[in-house]
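Colleague: Okay, sequence plus prediction incoming.
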Amino acid sequence: MITGAASTAASLRALPSRAINELRRDRRAIEKTLAAAMGSNGTRIDSAARHGLLDGGKRVRPLLTCAVLRAFGRNPKPYVDLVVAVEMAHAGSLLHDDVIDESKTRRGHVTAHVEFDIPTAVLAGDRLVMLGVEHLARGGPSEMLVRFCAAVKDLCIGESLERERRFDSTVDLEQVREVNRLKTAALFGYAAEAGAILAEAPPRLRRAARDYGLAVGEAFQTTDDHLDFCGDPGAMGKSIGQDLVAGVVTVPLAIAMERSPGLREDVLRVWSTERDDELSAHLAKLREG
Ligand code: FPP
Ligand code: MG
């Protein structure tokens, strides 16, 4: 016979694999819904949008909505058409971000603006964001659409602030965190809150879900910042050192410059050099620091 304590311990041990299986199931439903939503009409913009939405991606944001729905005891399946809107906006924003950052690879593939051209990638990004709006407008609660639009507007502000602050070695940690909260965490905050809205949770719990999503999103972007210094380009599907070369002060760099003010000089040297060998040497030095 299993005692109460033993059965609790057994169900706790079972929880991670059960949760993982549920997430796997949710992910399959998300992939299927995204593929069906895209269709294919053979146009250039359509191919670029498919490239942005369907060629890889962890689907973290819609999975966060599913996890919150499950936390409120709801099966995400009936809501998947609404859940995927966040991934559409995210994929659209990455098409734009790769143009802004002049990135050559994403998710192990050549970026859309390189494979097609800049206007096609930008228009495909616009189309994906509107596809997300359409999904929510068709069958979602109006509050969800309002929160979605607010988050996408925050993304634009964050991306713009990051751009304004490039090549400024006086940018501090709080300014970097402000950008990360806007350009990344806002959509995670929306994703978590969307789960609470769909579960018809009371306002207090909707706000709690949003705060949780914001914290997850900030942690996610901090990790992304860190990987730009120390990641494995093969595993990440994009090259490293991109932020630094692009003049962006990220979380690890802001912390390192606060701790060792002398580092600001090295950073300015990285930004002023055009030689690849010098750049690699500076990057290696900063990574060690
Ligand atoms: C990746 O950051 C980019 C974002 C998290 C947000 C991009 C937002 C926009 C371009 C504005 C919104 C645009 C639309 C169409 C809604 P990163 O460059 O730090 O990460 P990366 O290394 O993956 O490129
Ligand atoms: Mg980028």
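Modeller: All right, it came through fine. Ligands and ions are numbered 1, 2, ... in the order given.
Colleague: Skip the chain neighbours and tell me the closest residue to Ala201.
Modeller: Spatial nearest neighbour of Ala201, excluding adjacent residues (C-beta to C-beta, 6 or more residues apart in numbering): Phe72 at 5.8 Å. The way it works is simple: take the backbone N, C-alpha and C, and place the C-beta from them, glycine included.
Colleague: From the rest of the structure, what touches stretch 204-220?
Modeller: By C-beta atoms under 8 Å, 6 or more residues apart in numbering, the surrounding residues in contact with stretch 204-220 are 60, 64, 68, 72, 177, 180-181, 184-193, 195-197, 201.
Colleague: is it true that the residue nearest to Ala201 touches Gly195?
Modeller: Yes: using C-beta atoms under 8 Å, Phe72 and Gly195 qualify as a contacting pair, with a distance of 7.0 Å.
Colleague: what about these two, which has more around it?
Modeller: Gly195 (27 against 14; other C-beta atoms under 10 Å).
Colleague: Apart from its chain neighbours, what residue comes closest to that one?
Modeller: Nearest to Gly195 is Val68, by C-beta to C-beta, 6+ apart, at 2.7 Å.
Colleague: other SSEs contacting the helix or strand containing the one you found?
Modeller: Following DSSP states H and E, one finds Val68 within helix 60-71. Under the contact criterion of 3 or more C-beta pairs under 8 Å, 6 or more residues apart in numbering; DSSP states H and E, helix 60-71 touches helix 4-38, helix 80-83, helix 85-100, helix 186-198, helix 203-230.
Colleague: gap between the closest residue to Met236 other than its chain neighbours and ligand 2?
Modeller: In space, and not counting its chain neighbours, Met236 is closest to Leu227: 6.1 Å by C-beta to C-beta, 6+ apart. Note on Leu227: its distance to ligand 2, by C-beta to the ion, to the nearest Å, is 12 Å.
Colleague: Tell me if I'm right that Leu227 and Ile240 touch.
Modeller: Yes: the criterion here is C-beta under 8 Å, and Leu227 meets it with Ile240 at 7.2 Å.
Colleague: what's the neighbour count on the residue nearest to Leu182 when sequence neighbours are not counted?
Modeller: Closest residue to Leu182 apart from its sequence neighbours, by C-beta to C-beta, 6+ apart: Gly158 at 2.8 Å. Per other C-beta under 10 Å, the neighbour tally for Gly158 reads 22.
Colleague: Can you give me the neighbour number for the residue lying closest to Ala185 once chain neighbours are set aside?
Modeller: Closest residue in space to Ala185, ignoring its immediate chain neighbours: Gly217 at 3.1 Å, by C-beta to C-beta, 6+ apart. Neighbourhood size, Gly217 [other C-beta under 10 Å]: 26.
Colleague: and the stretch 101-250 of the chain, which of its residues are near ligand 1?
Modeller: Selection of the stretch 101-250 of the chain residues close to ligand 1 by C-beta under 6 Å from any ligand atom yields 101, 103, 125, 129, 152, 155-156, 159, 183-184, 224.
Colleague: from the residues you listed, which are also near ligand 2?
Modeller: Asp101 (C-beta under 5 Å from the ion).
Colleague: quick one: which of the residues of the stretch 101-250 of the chain next to ligand 1 sit in strands?
Modeller: With DSSP state E as the criterion, strands contain none of those.
Colleague: Give me the buried entries from the residues of the stretch 101-250 of the chain next to ligand 1.
Modeller: Burial by neighbour count, judged by 16 or more other C-beta atoms under 10 Å, picks out 101, 103, 125, 129, 152, 155, 159, 183-184, 224 from these.
Colleague: Output those residues in TSV; the columns should cover pLDDT.
Modeller: Formatted as TSV, those follow (pLDDT from 0 to 100):
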residue	pLDDT
Asp101	89
Ser103	90
Gly125	98
Val129	98
Val152	98
Leu155	98
Glu159	97
Lys183	98
Thr184	98
Asp224	92
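Colleague: coming back round to it: spell out which residues sit in contact with the residue nearest to Leu182, please.
Modeller: Applying C-beta under 8 Å, 6+ apart, we find Gly158 in contact with 178-184, 186.
Colleague: Which single residue of the stretch 151-289 of the chain ends up nearest ligand 2?
Modeller: Gln242 (6.7 Å; C-beta to the ion).
Colleague: err, the stretch 101-250 of the chain, not the other one
Modeller: Among the residues of the stretch 101-250 of the chain, Asp101 lies nearest to ligand 2; the distance is 3.8 Å by C-beta to the ion.
Colleague: Quick check: closest non-adjacent residue to that residue.
Modeller: Ala246 (5.7 Å).
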